[in-house]
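Trainee: Turn this into a structure:
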Amino acid sequence: MSNVSYLSMSTGRRKNAIARVRVSSGSGKIIVNDKSVDEYFIGLDRLKKLALKPMNVWDGVKSYDFFVNVSGGGVSGQAGAVSHGLARAILELNESSKAALRKEDFLTRDSRMVERKKPGRPKARKRFQFSKR
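Mentor: Residues are numbered from 1 along each chain as shown. Okay, here's the model as predicted:
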């Protein structure tokens, strides 16, 4: 993969996951962490569909290969990061798809993060059981 020239690069984020997407001309394959998408999200069809949703916006994606490097977070956050990164990559390739990507809310970074644990509590908001006596 080192001798491949990339047409564009973009980044997608969700929770603590970061996905770096590199695009080259090709046949429409998507590689995530040196595995096919089906292999990476094996048994997680819902997350695979979520990750690949931006690909349905533009018909021209069949003539490009997408190489995704995703790290951090869990599988759900990684799927969201891949989706965000692919949407940004498609936007770089085809500026006219911006309205469709924006309408489907693919370009907006989901800023929700896990709330930090507070002192004197077992979790962020959960409290220990109250005992009157």
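Trainee: Show the pLDDT at the residue lying closest to Phe41 once chain neighbours are set aside.
Mentor: Leaving aside its sequence neighbours, Phe41 sits nearest to Lys48 (CB to CB, 6 or more residues apart in numbering; 3.9 Å). No exception for glycine: its C-beta is placed from N, CA and C like everyone else's. For Lys48, the pLDDT comes out at 93.
Trainee: Lys118 now?
Mentor: Predicted confidence (pLDDT) for Lys118: 96.
Trainee: All the strands of the protein, in order from the start?
Mentor: Ranges of strands within the chain are 8-14, 17-25, 30-32, 35-36, 64-71, based on DSSP state E.
Trainee: For the residue nearest to Phe41, give me its contacts.
Mentor: Val37, Asp38, Phe41, Ala79 (CB atoms under 8 Å, 6 or more residues apart in numbering).
Trainee: among these, which ones are buried?
Mentor: Burial by neighbour count, judged by 16 or more other CB atoms under 10 Å, picks out Val37, Phe41, Ala79 from those.
Trainee: need those in a markdown table with pLDDT, can you?
Mentor: Listed next are the buried ones among the contacts of Lys48 as a markdown table, based on pLDDT from 0 to 100:
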| residue | pLDDT |
| --- | --- |
| Val37 | 93 |
| Phe41 | 93 |
| Ala79 | 96 |
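Trainee: Out of the residues you listed, the closest to Trp58 would be?
Mentor: Val37 (17.2 Å; CB to CB).
Trainee: Could you measure from Val23 over to Leu91?
Mentor: Counting by CB to CB, to the nearest Å, the separation of Val23 from Leu91 is 11 Å.
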